[in-house]
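Participant: Sharing a model that was predicted from the sequence below.
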Amino acid sequence: MSDINELFSLLSDTEQQQFIQYLKGRNKRHDTRNTAFVQEIIQSKEGKIRAEIGDNAYNVLKKRVQDRLIDFLANNALDNDASDEVAVIKLLLVARKLLQNQLYKQGYKLLLKAESQANRIFNYTLLNEIYHTFIEYSHQVEAIDQEELIAKLELNTKRFLEQERLNIVFAIIKKAFNAIEFNAETFDLEELLEDSYKRFGISQEGAHNFKTLSQLAQIADIYGAYKKNYASIDLYFEEQLNELEGGVGDTERYLQYHIDVLYHIANIYFRKKQFETSLDYLSRMEQQMLRYNKRYFDKYYVKYKNLQSLNLNYCGHTQQAIEILENIVNSSRYTVPETLNPQLALSMMYFQNKNFTQTKRLLAGFHRSDLWYERNMGLDWVLNKKYVEIIFHLELGNSELVESRIANLIRSHGKELKSQKDSHVLNFLKLIQKIHREPMIVNAPEFRKTVKETIEWKPEGQEDVFMISFYAWLKSKMEKKDLYETTLELVRFG
């Protein structure tokens, strides 16, 4: 996707039309092709204008439209995202002007108004400027309590530094996972977290707004996924979320972070196998998605529905879960990356319900390289796809594909699997190979004994929900039971 196409992807349908009107308003000549160029991009039919005017003129036109688009996006950002800050800055500037001209009472009145608005949007930078101005002129008004102002400045500075430190830790952790040289065998997230929190003095009480709360929730989610142990996650920030919701800072400005927090907490509870609680948080998430003219509804809809369907599936409502995902996967509204999680989840649900035709159709749709999927979806997604493929081909008796998929998995990701010391995946693959080579062994008492000795389950409540789903297939084969019912049984007690 070109730079200008990526920029256009940021615009809603309404904003696209507004941009066209913006271009028309700036055009001084009637033969300008910029609006026609934009229509080509919107309709994904680029090429006609290039053929008419040639490559050089086309590139000049493209550059001009791209510059105009950046201006348009900047103006929109100022009008929408930064409007609160601009209002505070204006109040602060006027207040300083009044104070400089010895109009102290009027100046202080405006400063109080600026302080209230800056507190509402948790802008610690502007609050520092406001308190600095307050203190600078505090000797001019007897009613002003200097000690109270100094205490406010010190508290605000502390919160500002906490937020910046949390930003640093969050960036360090994200970079560690995205690094080209990332090595799961030597990487220790727990040590990195402890060192970073200690180095920058982060406390658990550091979340004073939805942005910092969102970062804490994402770190917790990343930690649980990496350790494959969501049961150990302490959701201490839930109480802070409840305090922030409905408060003065619960505004449109922080809506995206508010939705992010709810999503990550819902995901953590899903991975903890507390499905009803997860669904409750998803319901709260949907309420936020519908606020302020559904500003973020489309952005989060697929993620929301995917997690909702997974919860429903493990609550025993598999047909309802399947219908939700089918509506997304079969729709042309969404991009390929958006539907990859729903496709994988749906293929698993089809398999659990013995709908092998639809399972095969979905798995066949994953035709990109593993490297592409790992870069765009993450290693866990790639591994889960491979597990589904292996047991699917074994179920259908595709011998060569079973062996090749297992060999490919061990060759490509053996190091990562070995580094997860409490993971049963490699042992599980060996058991699959035994069944593949000797199909009748699966119901033999000796094989049951081998399984018991090979797979050491984690303590109750700690086993990963997706791993349980794969082991459920093995148990259903050994006991000749329905796969979906076996899955629900294991999840309930795993």
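Facilitator: Sure thing, it's come through. This is a predicted model, so every value here is computed, not measured.
Participant: Pull the number of nearby residues for S369.
Facilitator: 8 (other Cβ atoms under 10 Å). C-beta here means a position set from N, CA and C on the backbone, and glycine is covered the same way.
Participant: With K63 instead?
Facilitator: Count around K63 with other Cβ under 10 Å applied: 12.
Participant: List of residues touching the helix or strand containing it?
Facilitator: Per DSSP states H and E, K63 falls inside helix 55-79. For helix 55-79, the surrounding residues in contact (Cβ atoms under 8 Å, 6 or more residues apart in numbering) are 3-4, 7-8, 10, 15, 18-19, 22-23, 26, 33-34, 37-38, 49-50, 53, 86.
Participant: any idea which helix or strand of the protein has the worst average confidence?
Facilitator: Ranking every helix and strand in the chain by mean pLDDT, DSSP states H and E puts helix 189-200 at the bottom, with a mean of 70.
Participant: Following it in sequence, what is the next regular element?
Facilitator: That would be, after helix 189-200 and using DSSP H and E, helix 210-227.
Participant: Show me what the helix or strand that that next one is followed by is packed up against.
Facilitator: Sequence-wise, the next helix or strand downstream of helix 210-227 (DSSP H and E) is helix 238-244. For helix 238-244, the elements it packs on are helix 210-227, helix 255-271, judged by 3 or more Cβ pairs under 8 Å, 6 or more residues apart in numbering; DSSP states H and E.
Participant: Just the mean pLDDT for helix 238-244, thanks.
Facilitator: Helix 238-244 comes out with an average pLDDT of 83.
Participant: thinking again about what came up before, mean pLDDT lowest where, among the helices and strands packed on helix 238-244?
Facilitator: Comparing mean pLDDT across those, the weakest is helix 210-227, with a mean of 80.
Participant: residues in contact with that one?
Facilitator: The contact list for helix 210-227 (Cβ under 8 Å, 6+ apart) reads 122, 162-163, 166-167, 169-170, 173, 177, 189-190, 193, 206-207, 230, 232-235, 237, 240-241, 244, 249-250, 254, 257-258, 260-261, 264-265, 267-268, 271, 380.
Participant: Any quick PyMOL command for the buried ones out of these?
Facilitator: A single PyMOL command selects the buried members of the contacts of helix 210-227 (16 or more other Cβ atoms under 10 Å):
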select buried, resi 122+162+163+166+169+170+173+189+193+206+207+230+233+237+240+241+244+249+250+254+257+258+260+261+264+265+267+268+271
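Participant: angle of the helix ranked longest in the chain against helix 210-227?
Facilitator: Secondary structure of the chain read by DSSP state H shows that its longest helix is helix 146-178. Counting by axes from the mean of the first three to the mean of the last three Cα atoms, to 10 degrees, helix 146-178 lies at 30 degrees to helix 210-227.
Participant: Would you mind listing the residues in contact with Y484?
Facilitator: Y484 neighbours (Cβ under 8 Å, 6+ apart): 318, 352-353.
Participant: Between these, which sits nearest I455?
Facilitator: Q352 (19.9 Å; Cβ to Cβ).
Participant: Just give the nearest non-adjacent residue to that closest one, would you?
Facilitator: Spatial nearest neighbour of Q352, excluding adjacent residues (Cβ to Cβ, 6 or more residues apart in numbering): Y484 at 4.5 Å.
Participant: G54 versus the one you found, what's the distance?
Facilitator: Look at Y484 and G54: by Cβ to Cβ, to the nearest Å, they are 61 Å apart.
Participant: what residue ranges in the stretch 1-150 of the chain score low on pLDDT?
Facilitator: Scanning the stretch 1-150 of the chain for pLDDT under 70 picks out 1-3, 29-32, 77-83, 142-143.
Participant: quick one, which of the helices and strands packed on helix 238-244 is packed in tightest?
Facilitator: Of the helices and strands packed on helix 238-244, the one with the most neighbours on average (mean count of other Cβ atoms under 10 Å) is helix 255-271, at a mean of 23.
Participant: Let me know the next secondary structure element after it.
Facilitator: Helices and strands here follow DSSP H and E; after helix 255-271, the next one along the chain is helix 275-289.
Participant: Counting by contacts, list what that next one packs against.
Facilitator: Against helix 275-289 (3+ Cβ pairs under 8 Å, 6+ apart) you get helix 255-271, helix 297-314.
Participant: roughly how far out does the last one sit from the chain middle?
Facilitator: If I follow you right, that is helix 297-314. A distance of 12 Å separates the centroid of the chain from that of helix 297-314, by Cα atoms, centre = their mean, to the nearest Å.
Participant: relative to helix 275-289, how tilted is it?
Facilitator: 170 degrees.
Participant: So which residues make contact with whichever helix or strand comes after helix 297-314?
Facilitator: Once helix 297-314 ends, the next helix or strand along the chain (criterion: DSSP H and E) is helix 318-329. Contacts with helix 318-329, where a contact means Cβ under 8 Å, 6+ apart, come from 302, 305-306, 308-310, 312-313, 334, 339, 342-343, 345-346, 349-350, 352-353, 362, 484.
Participant: Count the neighbours of L394 for me.
Facilitator: The number of residues packed near L394 is 22, by other Cβ under 10 Å.
Participant: next one: F297
Facilitator: Using other Cβ under 10 Å, F297 is surrounded by 16 other residues.
Participant: Correct me if wrong: it contacts R291.
Facilitator: No: with contacts counted by Cβ atoms under 8 Å, F297 stays clear of R291, the gap being 9.2 Å.
Participant: thinking again about what came up before, now a PyMOL select for only the buried ones of the contacts of Y484.
Facilitator: Buried residues within those, by 16+ other Cβ under 10 Å, are selected in PyMOL with:
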select buried, resi 318+352+353
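Participant: Let me have the contacts of Y484 in JSON lines, adding pLDDT and distance to L401 as columns.
Facilitator: Converted to JSON lines, these look like this (pLDDT from 0 to 100; distance: Cβ to Cβ, whole Å):
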{"residue": "T318", "pLDDT": "97", "distance to L401": "26"}
{"residue": "Q352", "pLDDT": "96", "distance to L401": "20"}
{"residue": "N353", "pLDDT": "95", "distance to L401": "22"}
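Participant: Kindly reformat the contacts of Y484 as CSV containing distance to A407.
Facilitator: Below are the contacts of Y484 laid out as CSV (distance: Cβ to Cβ, whole Å):
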residue, distance to A407
T318, 32
Q352, 26
N353, 29
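Participant: Just name the closest of the contacts of Y484 to K458, please.
Facilitator: Closest approach to K458 among the contacts of Y484 (Cβ to Cβ): Q352, at 21.9 Å.
Participant: Isn't the closest one up against S469?
Facilitator: Yes: Q352 sits in contact with S469 when judged by Cβ under 8 Å, with a separation of 7.5 Å.
Participant: Neighbours of H367, how many?
Facilitator: By other Cβ under 10 Å, the residues close to H367 number 7.
Participant: That one and L409: what is the separation?
Facilitator: Relative to L409, and taking Cβ to Cβ, H367 is found at 18 Å.
Participant: How is L10 assigned, secondary-structure-wise?
Facilitator: The local conformation at L10, judged by DSSP: H, G, I helix; E, B strand; the rest coil, is coil.
Participant: what sits against it?
Facilitator: L73.
Participant: now the helices and strands packed on helix 238-244 in JSON lines, with distance to Q117?
Facilitator: Listed next are the helices and strands packed on helix 238-244 as JSON lines, based on distance: least, Cβ to Cβ, whole Å:
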{"stretch": "helix 210-227", "distance to Q117": "17"}
{"stretch": "helix 255-271", "distance to Q117": "18"}
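Participant: Kind regards, and thank you for your time.
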